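Student: build me a model:
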Amino acid sequence: MGLEIERKFLLPAYPASLIEAQEVQIEKEQMIEQTYLAIAGDQELRVRKIKDLAQGQTEYTHTFKRGHGIAREEVEYGISAELYGQMIQTHQAIPLIKKRTTARFGGTRIEIDDYEQISLLVLEVEFASVEEAESFDPPEWFGRDISSAKEYSNKKVWKELQQQKRS
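Tutor: Purely as a prediction, here's the structure:
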């Protein structure tokens, strides 16, 4: 089982001026539809539909995660469009939709998630080790570190979407 090590930041504004000045260089943009199939304690099982906005290609993934904080166990693999469709049809849930912009800022690869259904911008940075993550000194424009703030987790936001559906 792999280990995902990342820090997340509450991005106050999309860095358009930094992109224009080429301090942030966009590598790719994707639309992601994310649906949780099961959530229990610190474990989650989800599927994603990921469309590359430049290429037009779509891929589907199935992911298991366990843990909280900056380091979590993760197993992710590709699945067919048919299997994804069956899972979504059976589950009848509202997917969490976000635009992900993957970019470079200096020597750091960043991912900016702009959520469609709510007003939320999150910037993520993945690391090779916990030590590297803990010693990372983010620039001020990244915003507040929310790596351990459960109220900003995708699964919590997704759960809130499901409650709105029932209302």
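
Student: where does this structure dip in pLDDT?
Tutor: 166-167 (pLDDT under 70).

Student: what's the single longest helix in it?
Tutor: helix 154-166 (DSSP state H).

Student: show me what counts as buried in it.
Tutor: Neighbour-count burial for helix 154-166 flags 154, 157-158, 161 (criterion: 16 or more other C-beta atoms under 10 Å). No exception for glycine: its C-beta is placed from N, CA and C like everyone else's.

Student: next one: stretch 114-126
Tutor: Neighbour-count burial for stretch 114-126 [16+ other C-beta under 10 Å]: 114-115, 121-125.

Student: so which of these are in strands?
Tutor: Within the buried residues of stretch 114-126, residues falling in strands by DSSP state E are 114-115, 121-125.

Student: out of the residues you listed, who's nearest residue 81?
Tutor: Nearest to residue 81 among those is residue 115, at 23.8 Å by C-beta to C-beta.

Student: tell me what the nearest residue to that closest one once chain neighbours are set aside is bridged to.
Tutor: Spatially, and ignoring its direct neighbours in sequence, residue 115 is nearest to residue 98 (4.8 Å; C-beta to C-beta, 6 or more residues apart in numbering). Residue 98 forms beta bridges with residue 32, residue 115, as assigned by DSSP bridges.

Student: for the residue most central in space within the chain, what are its contacts?
Tutor: Centrality entry for the chain: nearest residue to the mean C-alpha point is residue 113, 6.3 Å, by C-alpha atoms, centre = their mean. Contacts for residue 113 (C-beta atoms under 8 Å, 6 or more residues apart in numbering) come out as 32, 98-100, 120-124.

Student: mind doing that once more with 10 Å?
Tutor: 8, 11, 30, 32, 34, 96, 98-101, 120-124, 154 (C-beta atoms under 10 Å, 6 or more residues apart in numbering).

Student: ok, which pair from those is furthest apart?
Tutor: Using C-beta to C-beta, the pair of the contacts of residue 113 lying farthest apart is 11 and 34, separated by 18.4 Å.

Student: show me where this protein has its helices.
Tutor: For the chain, helices defined by DSSP H occupy the ranges 16-20, 81-91, 130-135, 154-166.

Student: out of those, nearest to residue 43?
Tutor: helix 154-166 (10.1 Å).

Student: what separates the closest one from the chain centre, distance-wise?
Tutor: 16 Å (C-alpha atoms, centre = their mean, to the nearest Å).
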